[in-house]
Structure formats: C-alpha cells, structure tokens
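# Below are the sequence and a predicted model for it; my questions follow.
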Amino acid sequence: MLNPLTSLRFFAALLVVIAHIGYGTYHLGGTGVAFFFVLSGFILAYNYGGLYENLEVSSVIRMYGLRLSRIYPMHLVTLMASIPLILSTQFPGIQTLLANITLTQSWYPHGIEIFAFNGVSWTLSVELAFYLLLPFALYVSHKSGLTRTPFRCVTAALGCLCIAVTMKLPFEGWKLQQFTRAWWFLYISPLPHVFIFLTGLFTGLWYNQVKPRVQTSVKAATAFEVAAISAMVMGFLLMHFWAIKFQGGLEICLIPAFAFAISVFAVGRGKISSILSHPLLVLLGEISFSLYMVHQLVFFYLDKYVTQVTDPSGPLTIKFGATLGAVLLAFATFRLIEEPSRVVAKRLVSARKDGRAPRAVSRI
C-alpha cells in the first residue's frame, strides 16, 4: 500500500545523506527534511484521518504508544552509539542528555548543543511535537467542519502554509548567524514546522475524500506524475535562483510541489509509480528511517578513525563507499531494531478495544 511513497522516502533520505557527506551548500538536506515533514502529515492523515471525532484518553494514549514505538528504539540506539564520539571531546552535560533522551532538544534554543549526540534526531524532536498535536488537530478539524468537504481541506492546507510563510516574513533578507535565537526559531523550533506538517495533514484529509472518486487511465496518471516531478524540480530551482535570499524560502518554493507530488504518487497508477513500486526501491524506502538515523554517525566515525569522508573535496570513491556502508548498516538495524519494534506497534494496534485500527502504519 502506497509503495511509491515508500520509495520516495528513500530518495528524500538520500538527499540528507548527500548533504552530510560534504555537499551541504546545495541545501539538499533541508529539501529532504521538508519533504519528510509534509509526507508525515499526509501519512498520518491517511492512517488516522477518520479517528478522533471524539477525544478518548485510551485512544490517544494508544496512538502515542504506537508512534513512539516506531521512532524511539532507533533513537535510543543511535544516541548511545554517539556517546563514544562525544566522550572523546567534551560531554555536553546532563541537561542536554535528558533533552535528547526525551526528544525535546529542538523545543528551546541552546546553541550548538541542539546537535549533540546524534545530530539528526532534532527532526525527531520536531516529529514528536507533530504526534502530540495530531489527535487534537483532527478533533478540532472535525468539530469545526474543516474536513467536511474537499474544498475546505484544501483551504485549510493553504491557510496553514500561509501562516508558516507569515511567521518567516520578519526574517526576510536577514543573514542569520547559526545557533542564535532567531536562527533556532526559523530553522529548528517545532512551531514553524508544525504548520508545514498541518499542510501535509490537510492535504491527506483532502486525499482521503477524493481518492474513492479518482478514475484515471495509466496515461493520464503518468502525465500527472511527470507534472509532479517537474513541479518539484522547478521549486528546487526557484529556491536556488530566488528564494534562497529569503530566510525560509525552502518551504515557500517546495511545500506546494511536495503536497501535489505526494497526492499524485499516493494514487500510484502511472508508469513512474510502477517503477517506484519495484521491490528493491520499496525495501530501500523501508530502511530510509534507519539510514537517516545511522548515516551521520557512520560518517563521523570514519572521519575520526579512518579517513575524511565529509570533506567536500574528498574522493568520490570514499564518499560512495561510506554511503554504501551506511545503507548496509541501515538494513541491519532495520531488521534488528525497526522490525521488532513494528511487532510491538502491531500489538498496540490489535489491543484497541473498539477494533478500529489505522489503515496502515507509517514508519515516517
């Protein structure tokens, strides 16, 4: 189910990997993270969109347990794996350790220590904010009628995107110094990202309503898929030629294209979707979370004990080998950590008293 979207997750994770191996100036990492935030909202709408018309404590707790069982095992393992690297320099302190353990490190500004331990986990901290918000956002949406028609869902999605853009407008033209409070608010704080997530959420709620009515040929679906890819490419080019001058331009240029592309590939009836549904690509998509969580640690350990792989001028063969090693390790951790945690998640789902389990369980 939704195999093309699973495969697209791998390519989004790969953008982050490429950025961290020495090509960060192309803003590939931010592009991949933005895609994940929109996709997270979409998939959670797909999974839970029909729930929480009434807020029941037991239902909310089960959802939290289900989501946390997906991200916490890998988070804790990679956090522990990062400690030897940290001990070789300077331990950041108990407060930072506790913030990382509880995934609250992105919720307040504390300088470079935001990226202490496994630095990429700051996005999990943002995702945790999404999970905490989800049942209440769906409840309010149902009660207010925002999800009553497809048109209202689209209007809500556009409204959330406009709010995210408006929050960034005061920073237009600024040259923000890293690790300042303004920089933290714009790039790390969950608050602006929440509205990007909600854009994906309302896009997913719109999709839930229109999907049963979608009747399209393979040819037409393929045309839409080509258009979706073209929109993402044009958005990326626009970001580099114009919006990179605008703090937060990444979301402005790419979020609408991402929402469109995710909706198109969720239908999965075109030729490109057929390619993306190849078992190898789907497998790579399934291990994408593990790849995201382990790759930077692999690179840092290689930098410290073997050879410099994150140097932009380093040999491509070394970078390719390091990336391949990260992929192989991701496959191992997926089998040994993620899949067992999936069993726990399924038990949580089957324990629902009302028997209404989500239609699919996202690993995003």
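Good, I have the coordinates.

# Check which helices and strands the longest helix along the chain is in contact with.
Taking DSSP state H as the criterion, the chain has its longest helix at helix 57-87. The contact analysis (3 or more C-beta pairs under 8 Å, 6 or more residues apart in numbering; DSSP states H and E) places helix 57-87 against helix 94-101, helix 122-144, helix 288-305, helix 339-350. Any C-beta I mention is one placed from the backbone N, CA and C, and that applies to glycine too.

# least reliable of these going by mean pLDDT?
The stretch with the lowest mean pLDDT among these is helix 339-350, at a mean of 76.

# Not counting sequence-adjacent ones, nearest residue to S106?
Nearest non-adjacent residue to S106, counting by C-beta to C-beta, 6 or more residues apart in numbering: S125, 3.9 Å away.

# got any ranges where the stretch 201-350 of the chain has weak pLDDT?
Judged against pLDDT under 70, the low-scoring parts of the stretch 201-350 of the chain cover residues 242-251, 348-350.

# Where do the helices of it begin and end?
Taking DSSP state H, counting those that start in this stretch to define them, one finds helices in the stretch 201-350 of the chain at 218-241, 249-267, 271-276, 279-286, 288-305, 316-333, 339-350.

# looking at those, which is closest to L87?
Distance to L87, taken as C-beta to C-beta, is lowest for helix 288-305 among these, at 11.9 Å.

# on contacts alone, who are the packing partners of that closest one?
Helix 288-305 sits against helix 3-18, helix 57-87, helix 316-333, with contacts defined as 3+ C-beta pairs under 8 Å, 6+ apart.

# What are the buried residues along the shortest one?
Spelled out, it's helix 3-18. Neighbour-count burial for helix 3-18 flags 3-10, 12-18 (criterion: 16 or more other C-beta atoms under 10 Å).

# again, but for the second one
Residues of helix 57-87 classed as buried by neighbour count (16+ other C-beta under 10 Å): 59-60, 62-75, 77-79, 81-82, 85-86.

# Can you get me a residue count around Q296?
Q296 has 23 neighbouring residues, counting by other C-beta atoms under 10 Å.

# Please read the previous query as pertaining to A223.
15.

# and the spatially closest residue to it that is not a sequence neighbour, how far is that from A261?
The shortest distance from A223 to any non-neighbouring residue, by C-beta to C-beta, 6+ apart, is to G270 (7.6 Å). Taking C-beta to C-beta, to the nearest Å as the measure, G270 falls 12 Å from A261.

# tell me the contacts of C160?
By C-beta atoms under 8 Å, 6 or more residues apart in numbering, C160 lies in contact with F195, I196, L198, T199, F202.

# Now do stretch 274-288: distance from first to last residue.
Stretch 274-288 has an end-to-end distance of 19 Å (criterion: C-alpha to C-alpha, to the nearest Å).

# which parts of stretch 200-217 are buried?
Neighbour counts using 16+ other C-beta under 10 Å place G200, L201, F202, T203, G204, L205, W206, Y207, N208, Q209 of stretch 200-217 among the buried residues.

# between the longest helix of the chain and helix 94-101, how big is the angle?
Relative orientation of helix 57-87 versus helix 94-101 (axes from the mean of the first three to the mean of the last three C-alpha atoms, to 10 degrees): 130 degrees.

# pLDDT averaged over helix 57-87, what's the number?
For helix 57-87, mean pLDDT is 91.

# i'd like the first residue to be 29 from this point on
That works, and once the first residue is 29, the last one we named lands at helix 85-115.

# Give me the distance between that helix and the centre of its chain.
The chain centre lies 15 Å from the centre of helix 85-115; the measure is C-alpha atoms, centre = their mean, to the nearest Å.

# got it, and stretch 320-333?
Stretch 320-333 sits 20 Å away from the centroid of its parent chain (C-alpha atoms, centre = their mean).

# If you count neighbours, what's buried in that stretch?
Within stretch 320-333, the residues scored as buried using 16+ other C-beta under 10 Å are Y320, M321, V322, H323, Q324, L325, V326, F327, F328, Y329, L330, D331.

# Repeat that for stretch 153-167.
S153, V154, E155, L156, A157, F158, Y159, L162, P163, A165, L166, Y167.

# what does stretch 334-350 give?
For stretch 334-350, the neighbour count (16+ other C-beta under 10 Å) marks V337, T338, G342, I346, K347, A350 as buried.

# From what I see, the last one and V326 are in contact.
So the one you mean is A350. Yes: with contact defined as C-beta atoms under 8 Å, A350 counts as touching V326 (6.4 Å).

# Any idea how many residues pack against W150?
W150: 21 surrounding residues under other C-beta under 10 Å.

# what secondary structure does the residue nearest to it when sequence neighbours are not counted sit in?
Nearest residue to W150 in three dimensions, chain neighbours excluded: S134, at 4.6 Å (C-beta to C-beta, 6+ apart). Assigned with DSSP: H, G, I helix; E, B strand; the rest coil, S134 falls in the coil class.

# One more: E81?
Recorded secondary structure, E81: coil (three-state DSSP).

# Quick check, it in contact with V168.
No: counting by C-beta under 8 Å, E81 stays clear of V168, with 10.9 Å between them.

# Now the residue nearest to W150: phi and psi?
Per-residue torsions, S134: phi -90, psi 0 (degrees, to the nearest 10).

# returning to that earlier point: which one among the buried residues of stretch 320-333 gets closest to Q206?
Ranked by distance to Q206 (C-beta to C-beta), those are led by Q324 at 17.1 Å.

# which parts of the helix or strand hosting C188 are buried?
Using DSSP states H and E, C188 maps to helix 178-196. For helix 178-196, the neighbour count (16+ other C-beta under 10 Å) marks R180, C181, V182, A184, A185, C188, L189, A192, V193, M195, K196 as buried.

# Give me the mean pLDDT for that helix.
What helix 178-196 shows for mean pLDDT is 91.
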